[in-house]
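Engineer: need a structure here:
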Amino acid sequence: MNFDLDQHHLDLADAARDFLSASASPAAARASLDEGAGVQPGRAELVKSGFATITVPESAGGGGGSVLDLAVVAEQAGRVLAGPSLVSYARAAVLLGGDPRSAELVGGDVAVAVVDSGPVLDAVGADTFLALRDGALVCGPGTVTAREPIDATRGLGDVTLGETSVLVPDATELWSRAERVGRTILAAEGLGAAARILEIGVAYAKERHAFGRAIGSYQAVKHMLVDVYVEVEQLRSLVWWAAWAADHAPDELRLASAAAKAASATTLEHAAETVVQVHGGIGFTWEHDAHLYWRRAKVDRFLLGDDVAAYDEVARLAMTS
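Structural biologist: Presented below is the predicted three-dimensional model:
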């Protein structure tokens, strides 16, 4: 059995990498921190590319693709710290389903964010909000109070909903599936970010010399980077499992998405902290990209539940299965 991505997904990754690397970068993330700029790339560009709405049904004008398709794109988005997040589009595609608003999402006529407790991902710049209220899925406008950004590309804000309409009266199960798909895409973004920051650390360890030798030749540095590499590859397996489960094995999705979410939070944080350490004092400054990945790790750890809650869910599901 082949557990690797097929040629379709490899080609999709290449196309996503080309688009995202041209429209987003750590430099754009740094500019957002320095200047308070909006999230990058813009929503319009992301929607126009077709990548954001790849899981929206074809009947609504979307790509009609799989969660795995979106996860492949999300990995590339994570590498360049892109925003707005594909997580919001993934959840909205599940929640809206065949609702006419799906076509508006594809056309870029609405900018949707999904309201959870606490700061809302991609709230800044959104004009339409989806929320679960008394078991019903509701939709409507809202007022956003932007948060002081740790990672400005995440567009975090507090949302006060305005007048809403009910889309689905009994939406508890639908909401849970959307959250699990969202966790999967969040983990895919974390995978891309962790893999990229590891590459930065390895390259620096080869170039930086101390006492006449590249610092990567010292065992302490080697072991630190190898430990991160192992965690990244373990995370990769969990992300592809969760994405596959979302498409083909819904009974496995709860466990798979929780495992991917938990591993992504801890792996990205460990990767960022390790590479900051490898870079020495410069890694602690905004001027170096390692610091920006560290900021992304600190924010993502608490999105869609923190890693502690996710690990607890994994343990409970494993014991009852």
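Engineer: My reading is that residue 145 is in a strand; is that accurate?
Structural biologist: Yes - under DSSP: H, G, I helix; E, B strand; the rest coil, residue 145 falls within a strand.
Engineer: Run through the residues that contact the nearest residue to it once chain neighbours are set aside.
Structural biologist: Among residues not flanking residue 145 along the chain, residue 158 sits closest, at 4.5 Å (CB to CB, 6 or more residues apart in numbering). Placement of C-beta: from N, CA and C, glycine included. Counting by CB atoms under 8 Å, 6 or more residues apart in numbering, residue 158 makes contact with 119, 120, 123, 144, 145, 147.
Engineer: what pairs with the nearest residue to the second one once chain neighbours are set aside across the strands?
Structural biologist: Setting aside the residues directly before and after it, residue 120 is nearest to residue 159 in space (CB to CB, 6+ apart), at 4.8 Å. When bridges are assigned using DSSP bridges, the partners listed for residue 159 are residue 144.
Engineer: quick one: contacts for residue 159?
Structural biologist: Residue 159 is in contact with 113, 115, 120, 123, 129, 142, 143, 144, 145, counting by CB under 8 Å, 6+ apart.
Engineer: ok, it to residue 184 distance?
Structural biologist: Applying CB to CB, to the nearest Å, the value for residue 159 to residue 184 is 23 Å.
Engineer: Residue 34 now?
Structural biologist: Distance from residue 34 to residue 184, by CB to CB: 32 Å.
Engineer: Isn't residue 155 up against residue 111?
Structural biologist: No - in this structure, residue 155 is not within contact of residue 111 by CB atoms under 8 Å, at 10.1 Å.
Engineer: overlap in contacts of these two?
Structural biologist: In contact with both residue 155 and residue 111: 125, 126, using CB under 8 Å, 6+ apart.
Engineer: So which of these two has more stuff around it?
Structural biologist: Neighbours per residue, other CB atoms under 10 Å: of residue 155 and residue 111, the larger number sits with residue 155, 27 against 21.
Engineer: on that earlier part again, now restrict the contacts of residue 159 to buried residues only.
Structural biologist: 113, 115, 120, 123, 129, 142, 144 (16 or more other CB atoms under 10 Å).
Engineer: Just the pLDDT for the last one.
Structural biologist: Meaning residue 144. Looking at residue 144, its pLDDT is 95.
Engineer: Could you number the chain from 243 rather than 1 from now on?
Structural biologist: Understood, numbering begins at 243; the last thing we discussed is residue 386.
Engineer: first to last residue in stretch 365-375, what's the distance?
Structural biologist: Its first and final residues considered, stretch 365-375 spans 18 Å by CA to CA, to the nearest Å.
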